[in-house]
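Chemist: Quick one, structure for this:
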Amino acid sequence: MRRALATLVLCLPAVATADEAQVLDAVAACDVARVCRFTVTVRHADTGWAHYADAWEVRAPDGTVLGRRVLLHPHEAEQPFTRSLSGVTIPAGIDQVRVFAHDRVHGWGAASVSVTIR
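Modeler: Below you'll find the model as predicted:
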């Protein structure tokens, strides 16, 4: 019984990661030169300046960061929220990217949204 309780206690920190920032939707509008504007919707249970979603990134399949939108303040009263980032150049040969969200406590969320580049 003690071993089971100890295992449960060790698992509790993993439960806290449920509060990671989540990308709910991401859309790219690209020109012929593959310069894109990303519009991204994020949800996070912001609780003030110490714990809020503070960024999202567009990443190539190999993990290279192609663009980052820094979020400068909490969005406690606006959930989910949508923000855009223009001027993200997608290299030739990449037809899909992933968008990840970050918060000040948990870091980069494990979940992401895939975006096809046309």
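
Chemist: Find the nearest non-adjacent residue to the residue most central in space within the chain, please.
Modeler: For the chain, the residue nearest the mean C-alpha position is residue 101 (1.5 Å; CA atoms, centre = their mean). In space, and not counting its chain neighbours, residue 101 is closest to residue 21: 3.6 Å by CB to CB, 6 or more residues apart in numbering. The C-beta positions use only the backbone N, C-alpha and C, and glycine is treated the same way.

Chemist: so who does the residue nearest to the centre of the chain touch?
Modeler: With contact set as CB atoms under 8 Å, 6 or more residues apart in numbering, residue 101 has these partners: 20, 21, 22, 23, 40, 42, 44, 53, 55, 56, 108, 109.

Chemist: what does residue 57 give?
Modeler: 65, 66, 67, 68, 69, 99, 100, 102, 108.

Chemist: Apart from its chain neighbours, what residue comes closest to it?
Modeler: residue 68 (4.8 Å).

Chemist: Go ahead and confirm the one you found touches residue 59.
Modeler: No. Residue 68 is not in contact with residue 59 according to CB atoms under 8 Å; the separation is 9.5 Å.
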